[in-house]
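# structure of the sequence below:
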Amino acid sequence: KGERLDLKVTPMPSVRWMIGISGRSNAAEAVRRTGLAGKAGLRADDEIVGIGEQEVRTWAEIDKALAASAEGPVALKVRRAGQIKNLTIPLTEGAKATDALAEVLPRQSLTIDTLVKDFPAQQLGLKPGDRIVGLDGEKMRDWDHLLDKVTNSNGKLMQIEWERGGETFIGEIRPIKDEKSAVGQIGIGPRRKMIVRQYGVAMSCVMGFQKAVVNVQRVYLMIRSFFTRKLSTKTVGGIILIAQASYHSAKQGLSTLLYFLGIIGANLAVINVLPIPVLDGGHLMLLGIEKLKGKPLSERAQAVANYVGLFLVLGLVLYATRNDILRLMKGF
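Here you go, the predicted structure:
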């Protein structure tokens, strides 16, 4: 209805299962009515089939067509309730063709875009362009419905139904848990549309602070998940994983690399304040004990505490490095 709602959601870590496919879509999941496309008449569930004279089938093709569009209003051809409608999106001053659909949330459809090698979906014989119809006797509504069904499968054998070229196929598939990342996978993941927004210096500082807070909270949730066994310790990475991630971040640009380094900084900040001797958090803990006792711990007690802390830190480093080496050996 055009209303803006602020909601607070507490993330809960969980094991996910996958089968090894990525989705394809050209439909709109949601459209902001006050945006350029919304004012032009685009509605949720509309399927974008053309940009100007060019036919499009996926959001990747939509983005490419918009980027190649000439200046001026953007002509859309959409399918709504089985009928083709022509819409024209006038652009405001300074807006580009790529801004025409900036406030449109893409729908993650049930059509397969890519498959993960050696995952259950590929082994079963599914191909790009196939459309998932049902899973475990239940008709699938959209990608989120499929993803929810798979991630909660607990790895059981499931019946899957899909369409290809007007024919319907049925097979059995068992979602698997990826041992490389210790996160359950069946190998599916929809194509996502990325919207890049630029902020001024002041707002960038505010956004940077907010992102830092979020990253610190994520580290805390991850540590808590290790203790509650909701997340495997096999996901812990060390210097090798950091080097790999830094390399991939650098390939995507300076801003991505700086953002990644900020995340690493948040991780180290949280770890540094843990109550482990030899870390800053450990020193604060010893000072707190000294405050309560009214006198410092004996030199022997402090030495023992530091040795224990050093043992824990070195043990964590060695364990993380072991995980990195195992990931490399498995073709991470």
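# gap between the two ends of stretch 62-80?
17 Å (CA to CA, to the nearest Å).
# mind listing what's buried in that stretch?
62-63, 65-66, 69, 73-79 (16 or more other CB atoms under 10 Å). C-beta here means a position set from N, CA and C on the backbone, and glycine is covered the same way.
# with stretch 242-258 instead?
242, 249, 257.
# spatially, and excluding backbone neighbours, which residue is closest to the second one.
In space, residue 249 comes closest to residue 260 once its chain neighbours are excluded; the distance is 4.0 Å by CB to CB, 6 or more residues apart in numbering.
# next, count neighbours for that neighbour.
Residues near residue 260, counting by other CB atoms under 10 Å, number 17.
# for it, give me its contacts.
The contact partners of residue 260, by CB atoms under 8 Å, 6 or more residues apart in numbering, come to 245-246, 249.
# worst-scoring helix or strand of the chain, pLDDT-wise?
Lowest on mean pLDDT, DSSP states H and E among the helices and strands of the chain sits strand 183-185, with a mean of 45.
# where does residue 112 fall, secondary structure wise?
Counting by DSSP states H and E, the element that carries residue 112 is strand 111-115.
# which other helices and strands contact that strand?
Counting contacts by 3 or more CB pairs under 8 Å, 6 or more residues apart in numbering; DSSP states H and E, strand 111-115 packs against strand 21-24, helix 120-124, strand 131-135.
# C-terminal to the first one, what's the next element?
Moving toward the C-terminus from strand 21-24, the next helix or strand (DSSP H and E) is strand 28-31.
# from the contact counts, what lies against the helix or strand following that next one?
Moving toward the C-terminus from strand 28-31, the first helix or strand encountered (DSSP H and E) is helix 36-40. Helix 36-40 sits against strand 83-89, with contacts defined as 3+ CB pairs under 8 Å, 6+ apart.
# average model confidence for the strand it packs on?
What strand 83-89 shows for mean pLDDT is 92.
# got the buried residues for the top helix by length along the chain?
Assignment by DSSP state H gives helix 299-329 as the longest helix of the chain. By neighbour count on 16+ other CB under 10 Å, the buried set for helix 299-329 is 305-306, 309, 312-313, 320-321, 323-324, 327.
# quick revisit: next SSE downstream of the least confident helix or strand of the chain?
Later in the chain than strand 183-185, the nearest helix or strand by DSSP H and E is helix 201-227.
# in that following helix, what's buried?
For helix 201-227, by 16+ other CB under 10 Å, it's 215-216, 218-219, 222, 225.
# take the contacts of residue 260 and write them to JSON lines, including pLDDT and secondary structure.
Below are those laid out as JSON lines (pLDDT from 0 to 100; DSSP: H, G, I helix; E, B strand; the rest coil):
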{"residue": "245", "pLDDT": "87", "secondary structure": "helix"}
{"residue": "246", "pLDDT": "90", "secondary structure": "helix"}
{"residue": "249", "pLDDT": "85", "secondary structure": "helix"}
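# pick the most buried one from the helices and strands packed on strand 111-115.
strand 21-24 (a mean of 25; mean count of other CB atoms under 10 Å).
# flag the shaky bits of the protein, pLDDT-wise.
Low-confidence segments of the chain (pLDDT under 70): 1-2, 9-25, 107-109, 177-198, 330-332.
# how's it carved up into domains?
Domain ranges of the chain: 27-104, 109-185, 201-329, per automatic domain parsing.
# neighbours of residue 47, how many?
With neighbours defined by other CB under 10 Å, the count for residue 47 comes to 18.
# OK, contacts around it?
Shown in contact with residue 47 (CB under 8 Å, 6+ apart): 26-28, 78-80.
# kindly report the same for residue 149.
Residue 149 touches 135-136, 138, 140, counting by CB under 8 Å, 6+ apart.
# one more time with 10 Å
Contact analysis of residue 149 by CB atoms under 10 Å, 6 or more residues apart in numbering lists 17, 134-136, 138, 140, 158, 175.
# what is the most widely separated pair among these?
With CB to CB as the measure, no two of the contacts of residue 149 lie farther apart than 17 and 134, at 17.3 Å.
# returning to what we had before: can you put the helices and strands packed on strand 111-115 in a markdown table and add distance to residue 149?
As requested, the helices and strands packed on strand 111-115 are exported to a markdown table (distance: least, CB to CB, whole Å):
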| stretch | distance to residue 149 |
| --- | --- |
| strand 21-24 | 13 |
| helix 120-124 | 14 |
| strand 131-135 | 5 |
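# and those: which comes nearest residue 284?
strand 21-24 (46.5 Å).
# quick one: the longest helix of the chain to chain centroid distance?
Put simply, helix 299-329 sits 30 Å off its chain's centre (CA atoms, centre = their mean, to the nearest Å).
# and it, what other elements does it pack with?
Helices and strands touching helix 299-329, by 3 or more CB pairs under 10 Å, 6 or more residues apart in numbering; DSSP states H and E, are helix 239-251, helix 280-293.
# show me what the shortest one is packed against.
It refers to helix 239-251. Partner elements for helix 239-251 (3+ CB pairs under 10 Å, 6+ apart): helix 254-272, helix 299-329.
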